[in-house]
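Participant: coordinates for the following, if possible.
(3 chains)
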Amino acid sequence: METILLPHLGQYPLQVGLFLDVQNARYLRQQLLDGNTEFEYAFLDAAVLLSREHVLAACFRAINDILQGRMKSKNVHSEIVFSLSPNNNISECFRRFGVGETTKNIVAIKVDNNASQIQEHLQNHVQGQIVPFTDETLASLRDEARVRKAYKVDSSSNEEAEAFIIGSMALKGS
Amino acid sequence: MPRALSITTHNASLGEAPLTPEWHSRTVASETAAHKMSFTAVPTASNSYQLNDSNEVQPLHSLPPPFTTTSSPGQTSSTKLIRQGAEALLYYTHFLSPSLPCALKYRPPKSYRHPILDKRLTRARILAEARVLVRCKREGVSVPAVLGAGWEEGWIAIEWVNGSTVRDAIFGRKTWRQENQASYEGGEKDLVGLMHKIGCAVGKLHQVGVIHGDLTTSNLMLRPTVSGAEGGEEPSATSAATPFDGTITLIDFGLAAQSSQEEDRAVDLYVLERAFGSTHPEVEHLFPEVLKAYGESYKGAKVVLRKLEDVRMRGRKKSMIG
Amino acid sequence: MPIAIGLEGSANKLGVGVIHHAAYPHSSHRSRQDSPLSSSPPPPLKASDGDASLTWPPVRILANLRHTYVSPPGSGFLPKDTAAHHRRWVVRLVKQAMKQADVRIEDIDCVCFTKGPGMGAPLGAVAIAARMLSLLWNKPLVGVNHCVGHIEMGRSITGAENPVVLYVSGGNTQIIAYSAQRYRIFGEALDIAVGNCLDRFARVLNISNDPAPGYNIEQMAKKGNILVELPYAVKGMDVSFSGILARIEELAHRLESSAQGQSEPWKDEDTGEVITREDLCFTLQETVFAMLVEITERAMAHVGAKQVLIVGGVGCNMRLQEMMGMMAAERGGSVYATDERFCIDNGIMIAHAGLLAWGMGFKTGLDESGCTQRFRTDEVWINWRD
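Facilitator: Okay, here's the model as predicted:
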């Protein structure tokens, strides 16, 4: 797992882990639905993630919105998922970007500075293999069709499309 | 002073000494009125899009939240003021990752404007700029990418563009020509090439339905093309590097709008034409090359050029008494 | 000792001024007996723009008289009537100016007049007077660009070395900066001048034109505080006022009809207060002046200037000066303005600019002395500067 500090939001460290071949997605999802306080995480479906930058942009937007008093969802972790979406429909957003019953590859994020504790908890509860969170790995996991559908772009594999998507995320709610 | 008199008589006679500014006039607003913006170091030299070593760290209150000038954890270097433009401050910082440099454009409140008007304008302009940039990017126009935006706070985080402005490149050409006199024999060919590039870039922009609104040579960047061409091509031995190599990237969309009206496109070109005339009078004669390249860049461009003539006439011959 | 008389009448103000420039160092050999028409002008001397303490040339204002044609409230001044006014007053003003200046006809070196831009008939009326004086007194004519007159007078009076100039009046709105012997226009109003916008708004509300509609709007604005929404039209370094005028006229009509009980009292949405004429004046000023300050700031940023000089009738407005001052202070710069003697159209600025040109050998022959309603500021070769 990795501790990522966003420039300018360094007081809110991100604990990030990319898990491959997850077996218990349904269980993880249930914990979130139940509001289990031990599972305050953002679980993102890696198939619709373009890059580290893409994920971090969502994190920045979420944390900043909360700091400026504009939170739209329940907490920072749900806000991260929400920030990935180009529109304001929360349930659709979780459907597209959050963890579903059959999600295989998951990026788990927690805004917290206790890296070791979080790593331990996730390794104990996520039945998947933890790998480095890199652009290359994400690219190999991507489901182009789902990205295209989620963001209404023609292709997601080029630089312009990604820039457009990140830009749209920045503009959401305007 | 008495206002009701219809004959105003002034018979002041001075000595032979030259007038000092205080006599019969006021120097309004001295330097003592320091408002929120108490900059200790504002880059006075070029407007080029580069870091200036003498930039000092600016006081905290000149950046909107969550940005700070001090190095917070996660930053390898502090935020630096690059340029104090007319409406916005431009900072160099990093966004999302220490390896992703960004231009942070902040529109601070303007004390001279009524607060309601100020907030309304700032919000509208940040949003307009962000929207236009995102749209352009999608359509393949060469513009920097939007990384983040806080329209209530007045900031937008944009991908950092390396290179220099066309303005500086043209100014720098004199020096460059002096140094390369022997090897460069192209006459004005390099300038013509630049003009063509500009015409094409503006054409592409207009073609996607966007008006820049503030086309000056400070808002055109020459972004160095990535060296090391693909496919193992050798750089041509005969083409020497000129100050105008690179891709034209349009920046500063603070006054941009979405429009396909010929009139608006013509005014866009007219603004650029006048910018050349006032800032680079010595290359003004080559501006027709810009228009030539523009005219060939998309269908309908030629109509815009005809409209440009009308806009010029208006400027030349208008009477402003309605 | 060059002395000039200047006649101005491009709009509703008739001005006559007599100015004296300190002797050019090389002119000591010039004899007074020489007929000024046949003698050669003094050798050219260039102003040294870099020297802040010396305004060149040192000037003495010997007379500066003005008479304004004021039209009734609700109306603007028509060219025909304005020309008639100028014709009625010019001889008296010239005589008075000469008396006040205490100079003899022989002392006058040239007769300067506004060639343009401005309103045709009034310009023509004053030009006729100038030509008459030129023939009567046997002195050369010097046609002057009205805008250049404002700029040169502003520079001389305030000592601003190389400012960005905001020239704002009933007939003009331009942002100007000096470069290579031209006053280059960086930005301007694309349709009507800001002063014209203010004047026409005043007419809708029947605000008095005495001493000037803009002045009365300014006084009323001080008592207003509600900002109503108006379109804001800055395009690059240009501005546009016709949209704002259309809207504020609409609002003014709305106000009048609610004041006359023809419709509901118009209240501000946020505060619930009734909107007054003063509020409309306030709104208009805050909006158009913000636009002007904005384009001025753009020009300053673009050329790297630290000084702003405001000239022209609208430049008298204290709120505009205040706003400009706030902007300049934030940039570490300063604003220069003159008082109503010089910012409102006057004859002395014509004499001054004319004398500067004459000093470089410029003259306007009788056959070239026609007026022109459209005379761009950048058409004039400013060869008295480097």
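
Participant: what about the strands in chain A?
Facilitator: Counting by DSSP state E, chain A has strands at residues A:2-4, A:14-20, A:42-45, A:106-111, A:129-131.

Participant: for the second one, packing partners?
Facilitator: With contacts taken as 3 or more C-beta pairs under 8 Å, 6 or more residues apart in numbering or on different chains; DSSP states H and E, strand A:14-20 sits against strand A:2-4, helix A:52-67, strand A:106-111, helix A:115-125, strand A:129-131, helix A:135-141. Bear in mind the C-beta positions are built from the backbone N, C-alpha and C, glycine included.

Participant: run the last query once more with 6 Å
Facilitator: Packed against strand A:14-20, as judged by 3 or more C-beta pairs under 6 Å, 6 or more residues apart in numbering or on different chains; DSSP states H and E, are the following elements: strand A:2-4, strand A:106-111, helix A:115-125, strand A:129-131.

Participant: now these as CSV including distance to C:A83?
Facilitator: As requested, the helices and strands packed on strand A:14-20 are arranged in CSV below (distance: least, C-beta to C-beta, whole Å):
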stretch, distance to C:A83
strand A:2-4, 77
strand A:106-111, 77
helix A:115-125, 86
strand A:129-131, 88
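
Participant: and the ones you listed, which is most packed in?
Facilitator: Ranked by average neighbour count under the criterion mean count of other C-beta atoms under 10 Å in any protein chain shown, those are headed by strand A:106-111 at a mean of 24.

Participant: would you give the sheet partners of that strand, along with the direction of each?
Facilitator: According to DSSP bridges, strand A:106-111 forms sheet pairs with strand A:14-20 (antiparallel), strand A:42-45 (antiparallel).

Participant: contacting residues for C:G74?
Facilitator: Taking C-beta atoms under 6 Å, 6 or more residues apart in numbering or on different chains as the contact definition, C:G74 lies against C:R203, C:N206.

Participant: so what's residue 173 closest to, chain neighbours aside?
Facilitator: The chain I'm using is chain A. Nearest in space to A:G173, with sequence neighbours left out and distances taken as C-beta to C-beta, 6 or more residues apart in numbering or on different chains, is A:N88 at 6.6 Å.

Participant: nope, chain C please
Facilitator: With C-beta to C-beta, 6+ apart as the criterion, C:T173 has its nearest non-adjacent residue at 3.8 Å, and that residue is C:A189.

Participant: and what of C:L62?
Facilitator: Once its chain neighbours are removed from consideration, C:L62 has its nearest residue in C:A101; the separation is 3.6 Å (C-beta to C-beta, 6+ apart).

Participant: just to revisit the earlier point, can you check which of the helices and strands packed on strand A:14-20 gets nearest to A:D154?
Facilitator: Counting by C-beta to C-beta, A:D154 lies closest to strand A:106-111 out of these; the figure is 24.9 Å.

Participant: what residue in chain C is the furthest from its centre?
Facilitator: The outermost residue of chain C, judged against the average C-alpha position, is C:E264 (41.5 Å), by C-alpha atoms, centre = their mean.

Participant: now do the SS call for the closest residue in space to that residue that isn't next to it in sequence.
Facilitator: With C-beta to C-beta, 6+ apart as the measure, C:S258 is the residue that lies nearest to C:E264, at 6.3 Å, once sequence neighbours are left out. In terms of secondary structure, C:S258 is helix; the call rests on DSSP: H, G, I helix; E, B strand; the rest coil.

Participant: again, but for C:L65
Facilitator: Secondary structure, three-state DSSP: C:L65 is strand.

Participant: interface residues of chain A facing chain B?
Facilitator: Within reach of chain B by C-beta under 6 Å from any C-beta of the partner chain, chain A has these residues: A:5-10, A:53, A:56, A:60, A:64, A:67, A:160, A:163-164, A:167, A:170-171, A:174.

Participant: emit the PyMOL select command for whichever of these are buried.
Facilitator: Buried members of those can be picked out in PyMOL with the line below, counting by 16 or more other C-beta atoms under 10 Å in any protein chain shown:
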select buried, chain A and resi 5+6+7+8+9+10+53+56+60+64+160+163+164+167+170+171
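
Participant: now, which of the residues of chain A next to chain B lie close to chain C?
Facilitator: The subset of the residues of chain A next to chain B within reach of chain C, counting by C-beta under 6 Å from any C-beta, is empty.

Participant: picking that back up, what's the neighbour count on the residue nearest to A:G173?
Facilitator: 11 (other C-beta atoms under 10 Å in any protein chain shown).

Participant: what about the nearest residue to C:L284 once chain neighbours are set aside, how many residues nearby?
Facilitator: On the basis of C-beta to C-beta, 6+ apart, the spatially nearest residue to C:L284 that is not a chain neighbour turns out to be C:I248, at 5.4 Å. A count of neighbours around C:I248, defined by other C-beta under 10 Å, yields 26.

Participant: which phi and psi does C:I248 have?
Facilitator: Geometry field for C:I248 lists phi and psi as phi -70, psi -30, criterion degrees, to the nearest 10.

Participant: how close does the residue lying closest to B:V146 once chain neighbours are set aside sit to C:M291?
Facilitator: Excluding its sequence neighbours, the residue lying closest to B:V146 (C-beta to C-beta, 6+ apart) is A:G167, at 3.9 Å. Distance, A:G167 to C:M291, using C-beta to C-beta, to the nearest Å: 30 Å.

Participant: need the pLDDT of B:V210.
Facilitator: The predicted local distance difference test score for B:V210 is 96.

Participant: beta partners of it?
Facilitator: Under the criterion used here (DSSP bridges), B:V210 is bridged to B:Q258.

Participant: ok, the residue nearest to C:T173 touching C:Q174?
Facilitator: No - C:A189 lies out of contact with C:Q174 (C-beta atoms under 6 Å); the separation is 7.8 Å.

Participant: give me the secondary structure label for the residue lying closest to B:M195 once chain neighbours are set aside.
Facilitator: Sequence neighbours aside, B:E289 is the residue nearest to B:M195 in space, at 3.6 Å (criterion: C-beta to C-beta, 6+ apart). What three-state DSSP gives for B:E289 is helix.

Participant: number of nearby residues for B:E289?
Facilitator: As a burial measure, the neighbour count of B:E289 was computed by other C-beta under 10 Å and equals 20.

Participant: kind regards, and thank you for your time.
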